[in-house]
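Student: Give me a 3D structure for the following:
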Amino acid sequence: MASVEPIRKSSAPVPLHAHAIDNLRYIRETMERAGSFTGVPGWGGVAMGATALAAAGIASHSTSAARWLSCWLVEGVVAMTIGVVAMERKARAAGTPIWSAPVRKFLFSFAPPLLAAVMLTLALWRGGSMASIPALWLMLYGAGVIAGGAFSVPVVPVMGLCFLATGALASFSPATWSDFWLGFGFGGLHIVFGAMIARKYGG
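Tutor: Sure, this is the predicted structure:
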């Protein structure tokens, strides 16, 4: 007589540690999506401010508009490099992934105003409207910091508001004050807020 087999074969039980790993992964990803980005570099911001002050001093002695613009563009590349390296080091020291969900939110909100600043700088340069560039840089950088700061600690959007205010003042100032306002904003504000972030949130 043929043996009767069950219609549904029972599958092997899933090990308990596999359930635990899945639960931990889900909890970690949920916390990342809801968490704030605290990897804004404090001492990195201070270093960015120091290079901006040096650039302001050098640019103020430029003999042509092209050299002035080149000086500040080089400073922008240097500052961004410092910022990225400082963020990576802070994340590594804290044992958190550099490309976590809060970091992606911060960067994707911060980047569009910077891209707009690059394109508008080219347009103003071609149109011969160099006097408008400092206010443009300060205000769009401030807008980017505010947008990214929505996913960060409270002091970051406050810094962005200060950049916006500085840019507004620069827009109503004589062109000869350009390096003063750029040094005040990218230099002074970065140093002040960088030190505050380093004291309260580390790195």
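
Student: only C-alpha atoms for contact and neighbour calcs from this point on.
Tutor: Noted.

Student: How far off centre is the lengthiest helix in the chain?
Tutor: Taking residue count as the measure and DSSP state H as the definition, the longest helix of the chain comes out as helix 65-94. For helix 65-94, the gap between its own C-alpha mean and the chain's C-alpha mean amounts to 11 Å (CA atoms, centre = their mean, to the nearest Å).

Student: which element follows that helix toward the C-terminus?
Tutor: Under the assignment DSSP states H and E, the closest C-terminal helix or strand after helix 65-94 is helix 101-127.

Student: Please work out the average pLDDT along that following helix.
Tutor: Taken as a whole, helix 101-127 has an average pLDDT of 87.

Student: helices or strands next to that helix in the packing?
Tutor: In terms of contacts (3 or more CA pairs under 8 Å, 6 or more residues apart in numbering; DSSP states H and E), helix 101-127 is packed against helix 16-34, helix 133-149.

Student: the inter-axis angle of that helix versus helix 65-94?
Tutor: For the pair helix 101-127 and helix 65-94, the angle between their directions (axes from the mean of the first three to the mean of the last three CA atoms, to 10 degrees) equals 180 degrees.

Student: Show me which positions of helix 101-127 end up buried.
Tutor: Of the residues in helix 101-127, those with enough neighbours to count as buried (16 or more other CA atoms under 10 Å) are 101-107, 109-114, 117, 121, 125.

Student: least reliable of the helices and strands packed on helix 101-127 going by mean pLDDT?
Tutor: Of all those, mean pLDDT reaches its minimum on helix 16-34 (a mean of 49).

Student: Name the next helix or strand downstream of that helix, please.
Tutor: For helix 16-34, the following helix or strand on the C-terminal side (DSSP H and E) is helix 42-59.

Student: quick one: contacts of that following helix?
Tutor: Helix 42-59 is touched from outside by 67-68, 71-72, 75, 78-79, 82-83, 86-87, 179-180, 182-184, 186-199, 201-203, with contacts defined as CA atoms under 8 Å, 6 or more residues apart in numbering.

Student: if you set the cut-off to 7 Å instead, what comes out?
Tutor: 68, 71-72, 75, 79, 82-83, 86, 179, 182-183, 186-188, 190-191, 194-195, 197-198, 202-203 (CA atoms under 7 Å, 6 or more residues apart in numbering).

Student: How about stretch 108-126?
Tutor: Under the contact criterion CA under 7 Å, 6+ apart, stretch 108-126 has outside partners 130, 133, 136-137, 140-141, 143-145, 147-148.

Student: try 6 Å this time
Tutor: When contacts are taken as CA atoms under 6 Å, 6 or more residues apart in numbering, the neighbours of stretch 108-126 outside the stretch itself are 140, 144, 147-148.

Student: what does stretch 193-200 give?
Tutor: Outside stretch 193-200, the residues that touch it by CA under 6 Å, 6+ apart are 42-43, 45-46.

Student: try 8 Å
Tutor: Taking contacts as CA under 8 Å, 6+ apart, the residues outside stretch 193-200 that touch it are 40-46, 155, 159, 203.

Student: ok, of those residues, which come out buried?
Tutor: Of the members of the contacts of stretch 193-200, the ones counted as buried by neighbours, 16+ other CA under 10 Å, are 40-46, 159, 203.

Student: tell me the two of the residues you listed that are most distant?
Tutor: Using CA to CA, the two most remote members of the buried ones among the contacts of stretch 193-200 are Met159 and Gly203, lying 17.1 Å apart.
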